[in-house]
Structures are given as C-alpha cells and as structure tokens.
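*Asks:* what shape does this take:
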Amino acid sequence: MPELSRRQLIKAAGLTGAGITLAATGFDKHALAAGDALPKEVPNRYWWVKTVDKPTTEIDWKNLKRFEEWKTVRGSINEYRSAEETKRLDQLKKDNMLKWELENVPGYTTKDFALKDAVGAGRPPFYFMGPRSAKTPQERGTPRYEGTPEENARMIRIALRHMGAATVGFVELEPETTRKLVYAEEPKSVKKPILFENVDVGYEDEKKLVIPDKARYTIVYTVQMSNETMKYGPTVLGSQTTTLSYTRLWTILTQIHEFIYGLGYNSYGPTTSNGFGIAPAFGVMAGLGELSRLNRVITPEYGPMVRLTALTTDLPLAPTKPINFGVMDFCKDCMTCAEMCPSKALSLDRDPSWEGRGPWNNPGGHRAYYEDSVKCREFQADCGTNCGICFSSCPYAVDDDASLHRIVKGTIASTSVFNSLLVAGDHKAFPAQSGKPMKDPEGWWKNENLAEMGIDTRRGGRKI
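*Replies:* Sure, this is the predicted structure:
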C-alpha cells in the first residue's frame, strides 16, 4: 500500500484543483463554502449526508427473527466455549490485572483502575417504564401535553440534547419489520418474554414484559465517547471512556423516561444493559448512522465513537429516515479495523455476507460484516478490558474541526474512486499497531487541558 503525506493525499484525490475537481465528484461547491445542508431530519447534518428510503444494509424482513439478547456472548459465552477455557481466561485476566498494576504498567496503574471504577459509579437502576416519580399533568391539575408528531419529535430531540445526548432519531415499530428489532426476551437470568399486546398501558409481572401496540414510537439516541481517550485502548485507561459513556447513556435514559411521564405519556425501555432491542439496528433505521465492517454504527458526526440505546413510547413521533454517506462502500475497500483487531475477530471479506459467524450474530436476516465474538472475548480476557482498538483505528474516528477531514468524508460520500488512496493516507497520518495503544497512556495524565468528559459538546449541535 503506498505511503502518502496529507498534501499528497489531497492532491491525489483531486481536491486541490489538480485532476478531478470537487464538482466532478459530486460536491456542491456552494454548500461546501457556506456549510449549507440538504433537507434533513436529524438537524445540522453535513450536506453530503443523504436520507434514503432503505438503509445501506440489506435486510430480509421476512427471514429476520426477533432475537434473544442473552444468546450473545454476553449471556451465553459458556455455550460457545468449554468451561475449562472460560476458567483459564478468567484466571488469565485476574493474573494480568494484578501483575500489571503492581508493575505500574502505563494504562494499568492504580490511578487508571480507580478512575474506571469512579466513572462507573452513580448509575441509576433500570426500570421497564422508568421511575415514574415525576408528577403527571393530572397530578398537577392540568391536561396532558398535546402536539403534532413533528412538534413532539423536535421537543424530544431538544430535551435529549439538553440532557447530554449527541444525536436523536425515531423509528416507528411495524409488526412485520421494525418491531422485530425489539428483543424477544429480556437478557436476565429470568428471561421474561417481551410481548406486544392490545392494552392501554404496558406492565411488567413475574412472567412477562408487555408493551402496548400503540407504544410504537421508538426513540433512539447516542452519546459521544472520547475520541482522544479511546486512543489509549486496550488499556484500562482507554476502556474507561466506554464506562463513562454508559454511565451517561443510562442516566439520560432515566431522565427521558421521566420527561415523557411528566408530559402525560408512557415509555418502555431496557430493564438491564442492552436490554430493549438491537441498538445498532435501531441506530441504522433511525438515520443516526450506517452499519460498518465493525458491525457497529458509524455516524457522520462522531464516526464509531458513540454508544446508543432505544426506548419506545405512546407519544406520537415523526420517524426519521435511514441515511447514506458512503460508509458501507468505503468499508469494502478499507479493512483497517479488521487488520488492527488483535484477535482477528472482524471480517476481512470484501463484501458483507448473509452468513453469520455463530449463533450470537442472529444471522440470516441482514447482510453484514459479522464478527467472531468468541475470539473478541478471548483477547478481552488477555488485555483485561473491552479493547476498543477497532473503534480508535477507524478512519472515521477523527475530530472534524479540520476542514480536511470534512472534505475527505465528503469525497467518500460522493465517490468510491479514491477509497484506497484515502485509506493509505489515513494509515500514514494516524499509524496504529495491532493490540497496542495509539498513544502513550502516561501522557494522558499530564494533560490538564482535556475537554469536558473528553468530548466536544459543540459537535452535532452547531450549523456545520
């Protein structure tokens, strides 16, 4: 693969006036200059993010089945490897964590462990219908809030942004399609089924969780992860940004439950981590991003550096459409995440497949780059964390303050001609090594100018 400087990269791509021009690659010069966006449903999108009727991931809705989340490696790892192997890996993780902390290995020091535990503290408990402690309009002596689906969507988006969400979209649950993205059972030891029934208000009892048919308006939102701190993965220091992001994600979940209840409506969500539905699938259908070689969502604003969740409500909400900004086509030529994956768990096939790597993939209903989650878990035991190298090495995992990055992303969205050159340029500008941090963890603790929570809160909320 050729090595290119950034200047050579831009010249090779024809973005300096030499070779093919911006106009020839489909760029709108006026939009690029003024930052104007095409008609959009998620506000403040780049002009090259296009809404589409169908997602870039092929879906066979007839063959797609509702999935039990506990069948993933989170809940059934011992079904996919021997008990002896699990015992060995558990001991390996325990031994490595103690050894590296005693040796003061960068990224595994006592202060790194303390920070990770700290940012995971204070998470609220999960409630299927939220805490329901807010006063309802009826309790305040007023009628419940009423608005059009469009007004309601705008209101929810504004409220979630205020609470700390990054991007927000909406999916309407249809029995033959999108309702299938809701898990069939909650991922707990009890494994209660999640059912839809023709009732006015949902409920939870000892045997089941019930969502009313009319609660078909699903809210999907993301929170940013620290692009900077993830570059210190797979260490404990790097992984704590995931911990912090989930703390924020679940705190916001409690708040939006309460907001909806305070308006006079009901909402239904996860009863445990990742417990409502297939989050990446909801993110794709809501137009928050595209599925990728990572088998996770890549967003236009933050790349893969997000965590996301969903809940559904009887508050009418106008749905948002899927988007296309070139990710799936780019992933065919870019294999950086798979090449950098220490466990070789990610697919190196050029094209996505209908065939899964194991039952944890819920294969057959969509065409994707399926991963070998068992291999992934093996390395996670070795390094002691959730790794995250595939996230940090992704070419989309860059800040957008530099206009160069926006131009490159616009190029990818407009044409696939330069994909291989752009991948080479990314490798030159952001070199990575499989299994190793992209940055020295010792340097993180010397930087007193870190952004709040390690993120840029302006992104996704300003006119760009």
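*Asks:* now do the strands in this protein.
*Replies:* Taking DSSP state E as the test, the strands found in the chain are 50-51, 168-172, 194-197, 203-204, 209-212, 217-224, 267-268, 290-291, 297-298, 306-313, 323-324.
*Asks:* put together a markdown table for the ones you listed, with mean pLDDT and mean neighbour count on each row.
*Replies:* In this view, the C-beta of every residue, glycine as well, is placed from N, C-alpha and C. As requested, these are arranged in a markdown table below (pLDDT from 0 to 100; neighbours: other C-beta atoms under 10 Å):
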| stretch | mean pLDDT | mean neighbour count |
| --- | --- | --- |
| strand 50-51 | 95 | 16 |
| strand 168-172 | 98 | 26 |
| strand 194-197 | 98 | 17 |
| strand 203-204 | 97 | 15 |
| strand 209-212 | 98 | 22 |
| strand 217-224 | 98 | 27 |
| strand 267-268 | 99 | 28 |
| strand 290-291 | 98 | 26 |
| strand 297-298 | 98 | 28 |
| strand 306-313 | 98 | 26 |
| strand 323-324 | 96 | 22 |
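*Asks:* which of those sits closest to Gln380?
*Replies:* Gln380 lies closest, by C-beta to C-beta, to one member of the strands of the chain: strand 306-313, at 16.8 Å.
*Asks:* shouldn't Arg377 be in contact with Thr72?
*Replies:* No: checked against C-beta atoms under 8 Å, the pair Arg377 and Thr72 is beyond contact range at 10.3 Å.
*Asks:* packing partners for the lengthiest helix in the chain?
*Replies:* In the chain, taking DSSP state H as the definition, the longest helix is helix 236-263. With contacts defined as 3 or more C-beta pairs under 8 Å, 6 or more residues apart in numbering; DSSP states H and E, the secondary structure elements packing on helix 236-263 are helix 110-119, helix 149-163, strand 217-224, helix 227-230, strand 267-268, strand 306-313, helix 441-444.
*Asks:* one more time with 6 Å, if that's ok
*Replies:* In terms of contacts (3 or more C-beta pairs under 6 Å, 6 or more residues apart in numbering; DSSP states H and E), helix 236-263 is packed against helix 110-119, helix 149-163, strand 217-224, helix 227-230, strand 306-313.
*Asks:* if I look at the closest residue in space to Lys188 that isn't next to it in sequence, how far off is Lys180?
*Replies:* Residue nearest to Lys188 in three dimensions, not counting chain neighbours: Thr272, with 5.7 Å by C-beta to C-beta, 6 or more residues apart in numbering. Remark: distance between Thr272 and Lys180 (C-beta to C-beta, to the nearest Å) = 20 Å.
*Asks:* more neighbours, the two?
*Replies:* Under the criterion of other C-beta atoms under 10 Å, the comparison of Thr272 against Lys180 puts Lys180 first, with 21 against 13.
*Asks:* quick check: angle from the longest helix of the chain to helix 149-163?
*Replies:* Taking axes from the mean of the first three to the mean of the last three C-alpha atoms, to 10 degrees, one finds helix 236-263 and helix 149-163 inclined to each other by 140 degrees.
*Asks:* how close does Pro300 get to Ser76?
*Replies:* The span separating Pro300 from Ser76 equals 34 Å under the rule C-beta to C-beta.
*Asks:* which of these two has more neighbours?
*Replies:* A side-by-side neighbour count of Pro300 and Ser76, using other C-beta under 10 Å, places Pro300 first with 26 against 15.
*Asks:* which residues touch Met129?
*Replies:* Applying C-beta atoms under 6 Å, 6 or more residues apart in numbering to Met129 gives the contacts Tyr268.
*Asks:* for it, what are phi and psi?
*Replies:* Geometry field for Met129 lists phi and psi as phi -110, psi 20, criterion degrees, to the nearest 10.
*Asks:* which residues of the stretch 51-200 of the chain fall in helices?
*Replies:* If DSSP state H, counting those that start in this stretch is used as the criterion, the helices of the stretch 51-200 of the chain fall at 73-80, 83-102, 110-119, 137-140, 149-163.
*Asks:* out of those helices, which is closest to Phe325?
*Replies:* Shortest distance between Phe325 and the helices of the stretch 51-200 of the chain, using C-beta to C-beta, is found for helix 149-163: 19.8 Å.
*Asks:* what lies in contact with the closest one?
*Replies:* With C-beta under 6 Å, 6+ apart as the criterion, helix 149-163 contacts 168, 170, 221, 252, 255, 259, 315-318.
*Asks:* out of these, which are buried?
*Replies:* Buried subset of the contacts of helix 149-163 (neighbour count, 16 or more other C-beta atoms under 10 Å): 168, 170, 221, 252, 255, 259, 315-317.
*Asks:* tell me how far Lys208 lies from Val199.
*Replies:* Relative to Val199, Lys208 is positioned 12 Å away (criterion: C-beta to C-beta).
*Asks:* so who does the residue nearest to Tyr268 when sequence neighbours are not counted touch?
*Replies:* Of all residues beyond its chain neighbours, the one nearest Tyr268 is Ile211 (4.9 Å), with distances taken as C-beta to C-beta, 6+ apart. Going by C-beta under 6 Å, 6+ apart, Ile211 touches 196, 202, 268.
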